[in-house]
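Novice: whatever this is, show me its structure:
(2 chains)
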Amino acid sequence: MSLFKREIPLVLTFFFGFAMIVGYYLDVPVFIGDGLDFLQSTSVALANFALPLGAFTLMLHHGRLVQRKTPGKWPFSLMFLVLFPIISAIGIIYGSTSSSYSWIYTTITSPARGAIVALPAFYIASAAYRAIRVRSKEAGVMLLMSVLVILGNISLGELIWPGFTELRNWILTVPSTGSSRAITISLGVGSVFYGLRVLLGREKIGFLGGGE
Amino acid sequence: MNAGEKKSIWERFETIDPRIVRWFVVILLCVPLVVPLGIPIRISEPTRAVYEAVESLPEGSIAWFDIGIDLGGIAEQGGSAIAMFRHLMRNNIKAIIVGTGQTPDCHLVWGYMLEQAPDIIRDKIYGEDYVLLGPVPGQELSVAALAASIVGTVDADFYGTPLDEIPIMEGISDGADIDFVWVATAGEHHNWYIRHWGEVYGNVITVAMTGPGVGDAVAVWQAGLIAGLQASQRGAAEYELITGKPGVAIKYMDMQSTGQGFILLVMILGNLGYVIRKYGSGEK
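Specialist: Just a heads-up that it's a prediction; the model follows:
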């Protein structure tokens, strides 16, 4: 069955991948351009298929945790198994603009998500205090940069000395931008070669039976 | 140090209980809510560039307003979104509101914006001055698809009205018909717009970015790929200031000053304690 597991997916990947690259970089005839636009619109619809698949896998995973009564996990999984279908059903039956769905979102999901986003701030505070120590020259530079960026970022810093803002801007636009560009360029070059390997079937990835 | 030996003040600075640090942060974040400090803020160059980009748009231009953040990002980006939308409406620029981020929350963030600042749509008509298309799933795929064909990707607004019945959508078919793109993001959302909109159609793009992504976004701004940047909470506060309508972001800046100021203080004290213990005792 190698034909269906490897050759056909590889040919399809190569054909569509190559077509998209050509369409992006070259001025192609209108009918080809329209075809590529159609492919892009289709890919948005295809992306939506991932949602029910993800929901199913999630249910399966948590179902197993409950079945095995995995210590420290199964009560949360049980909560998920009860709440997930209820909230999904409300959203599907009454719609995501309905008052009941909005109520769930604004009174449960939103505050919970806000709390999760806010919590790390306190841990970052204590972690920054414990972790950033001048144990080496490099750590010293990092501490200095951290102090200057924080002082330039907060309005209190500007009140102490207006130059902190300029220093912070310089750090962001010169050393930070330089290193960021180096990473971006490396990533870009790496992505091109990775993409070529995928298109040519040289990369061991899921749909080609990678990892076997 | 032997057990029972009394710690010096410097050693105490080095070993402050993390729980004390966290509690102090909580208290110091609450102080400005009770007693606003009103510390002045100066407008930075990237924020001014965003303002000038909007000011340079002629009346009746079409802005693409992508709320790429979820409800968790409101505290940091909500101020930017409100101030930007107000500015667009004040300058009679029409806005198409979408959300191509990871979570389909843009309509809820939009609801929050209206709750916080109902004046942003005062005297404006839905469908003529602004429209909510709602979340478009697919992330970069959807941004690319929208660039190629807006009407081919979304056929109705968030409330189900077909796009061809909405006056603002008349004559708009793809990214080429959009004059200005504003995107709020906590990641690399802006890069999708640069790749599929800016580089293809030459749209003016400005970005509101959360704190951790500011370094990368500044690099993109310096390269000229985006016209301006509202950097984190500070960028939001600066935009409120430059558009002449102080709001939540300016209030949060005081909290940032007290909270981050304290973190800075304990970092410095901890390091002083470390250096004095290390070099004072001759330890290498």
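
Novice: do a quick rundown of the helices in chain A.
Specialist: In chain A, the segments counted as helices under DSSP state H are A:2, A:8-25, A:30-67, A:74-94, A:99-104, A:110-131, A:137-153, A:155-160, A:163-171, A:177-199.

Novice: most packed of those?
Specialist: Comparing the helices of chain A by mean neighbour count (mean count of other C-beta atoms under 10 Å in any protein chain shown), helix A:155-160 comes out on top with a mean of 19. Where you see a C-beta, it was placed from the backbone N, CA and C, and this is true even at glycine.

Novice: dump the residue contacts of B:Phe85.
Specialist: If you count contacts by C-beta atoms under 8 Å, 6 or more residues apart in numbering or on different chains, B:Phe85 has them with B:65, B:95, B:113, B:120.

Novice: out of the residues you listed, which touch chain A?
Specialist: Checking these against chain A by C-beta under 8 Å from any C-beta of the partner chain, not one of them is in range.

Novice: can you put the residues you listed in CSV and add neighbour count, secondary structure and pLDDT?
Specialist: What follows is those, written out as CSV (neighbours: other C-beta atoms under 10 Å in any protein chain shown; DSSP: H, G, I helix; E, B strand; the rest coil; pLDDT from 0 to 100):
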residue, neighbour count, secondary structure, pLDDT
B:Phe65, 26, strand, 97
B:Ala95, 23, strand, 97
B:Met113, 22, helix, 91
B:Ile120, 22, helix, 94
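
Novice: separation between the nearest residue to B:Arg86 once chain neighbours are set aside and chain A?
Specialist: Among residues not flanking B:Arg86 along the chain, B:Ile120 sits closest, at 4.7 Å (C-beta to C-beta, 6 or more residues apart in numbering or on different chains). Relative to chain A, B:Ile120 is positioned 19 Å away (C-beta to the nearest C-beta, to the nearest Å).

Novice: surely B:Ile120 touches B:Met89?
Specialist: Yes. Using C-beta atoms under 8 Å, B:Ile120 is in contact with B:Met89, at 5.9 Å.

Novice: B:Gly273 sits in which helix or strand?
Specialist: Assigned by DSSP states H and E, B:Gly273 falls within helix B:248-280.

Novice: contact partners for the nearest residue to B:Val275 once chain neighbours are set aside?
Specialist: In space, and not counting its chain neighbours, B:Val275 is closest to A:Val134: 6.2 Å by C-beta to C-beta, 6+ apart. For A:Val134, the set of contacting residues under the criterion of C-beta under 8 Å, 6+ apart consists of A:140, A:143, B:271, B:274-275.

Novice: related to what we said a few turns ago, need the helices of chain A in CSV with mean pLDDT, can you?
Specialist: What follows is the helices of chain A, written out as CSV (pLDDT from 0 to 100):
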stretch, mean pLDDT
helix A:2, 73
helix A:8-25, 86
helix A:30-67, 85
helix A:74-94, 92
helix A:99-104, 82
helix A:110-131, 82
helix A:137-153, 89
helix A:155-160, 86
helix A:163-171, 88
helix A:177-199, 88
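
Novice: and of those helices, who's closest to B:Glu199?
Specialist: Shortest separation from B:Glu199 across the helices of chain A is recorded for helix A:8-25, at 9.5 Å, computed as C-beta to C-beta.

Novice: gap between that closest one and the chain center?
Specialist: Its chain's average C-alpha position is 24 Å from that of helix A:8-25, according to C-alpha atoms, centre = their mean, to the nearest Å.

Novice: and the residue of the stretch 151-284 of chain B found nearest chain A, how many residues sit next to it?
Specialist: Using C-beta to the nearest C-beta, the single residue of the stretch 151-284 of chain B nearest to chain A is B:Ser257, 3.8 Å away. With neighbours defined by other C-beta atoms under 10 Å in any protein chain shown, the count for B:Ser257 comes to 22.

Novice: contacts only, for it.
Specialist: Listed by C-beta under 8 Å, 6+ apart, the contact set of B:Ser257 reads A:154-157, B:32, B:37, B:39.

Novice: tell me the SS of B:Asn92?
Specialist: Per DSSP: H, G, I helix; E, B strand; the rest coil, the local secondary structure of B:Asn92 is coil.

Novice: state the helix or strand in which B:Leu28 lies.
Specialist: For B:Leu28, the element it lies in under DSSP H and E is helix B:18-34.

Novice: picking up where we left off before, of the helices of chain A, which is nearest B:Glu45?
Specialist: The stretch from the helices of chain A with the least distance to B:Glu45 (C-beta to C-beta) is helix A:163-171; that distance is 7.3 Å.

Novice: settle this for me: B:Leu71 is touching B:Gly111, isn't it.
Specialist: No. Taking C-beta under 8 Å as the contact criterion, B:Leu71 and B:Gly111 are not neighbours in contact, 9.7 Å apart.

Novice: for those two, indicate the residue with more neighbours.
Specialist: Comparing B:Leu71 with B:Gly111 by other C-beta under 10 Å, the one with more neighbours is B:Leu71, at 22 against 17.
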